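Colleague: Got a predicted structure here, sequence first:
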Amino acid sequence: MKKIWALYKKYEELINYLVVGVMTTVISWTAYAVCKLIMNVDHPVIMQIAVFLRWFAGLVFSYFMSRRFVFKSRNPKILKEAIDFTASRIVTLFLDMFVMWILPTVCKMDDWIATFISAVLVVIMNYVFSKFIVFRKKKA
């Protein structure tokens, strides 16, 4: 058990990021599923609205969980941090929207498969932005 705990502590940030990422994905995909129930996502414009709503649900959840459990931020400038977080996520929103336009619309790929591919790309980029820009540790 001590070896498992030591391994967890060694990779705590990455493990917590992955756990929060899975939870964020469940929340955002649930939001997308709800959109599919009430909207015609076969229409490209409606698809983008659904993608935006999925993104927004994930954004709110992910900020608070990442701040508290992943990067353990103590930054007193919460508003600036939240704005930086949102700005970085806007960049990956455009990546998500581009992938969700190209794959289902142009390549005729199933939207759930495209959602999975997009999620992998977005998760990687979100970690890089969060680790090195939004929640970077200031040198004392």
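Modeller: That came through, no problem.
Colleague: tally of neighbours for Leu79?
Modeller: 8 (other Cβ atoms under 10 Å). (Glycine included, C-beta is placed from N, CA and C.)
Colleague: cool, and Val128?
Modeller: Neighbour tally, Val128, other Cβ under 10 Å: 12.
Colleague: what packs against the helix or strand where it lies?
Modeller: Under the criterion of DSSP states H and E, Val128 resides in helix 111-129. Helix 111-129 sits against helix 12-38, helix 78-101, with contacts defined as 3 or more Cβ pairs under 8 Å, 6 or more residues apart in numbering; DSSP states H and E.
Colleague: ok and that helix relative to helix 12-38, angle-wise?
Modeller: 150 degrees (axes from the mean of the first three to the mean of the last three Cα atoms, to 10 degrees).
Colleague: could you give the mean pLDDT of helix 111-129?
Modeller: What helix 111-129 shows for mean pLDDT is 91.
Colleague: what does stretch 87-97 give?
Modeller: pLDDT averaged over stretch 87-97 gives 92.
Colleague: what's it in contact with?
Modeller: 48, 51-52, 55, 59, 62, 118, 121-122, 125-126, 129-130, 133-134 (Cβ atoms under 8 Å, 6 or more residues apart in numbering).
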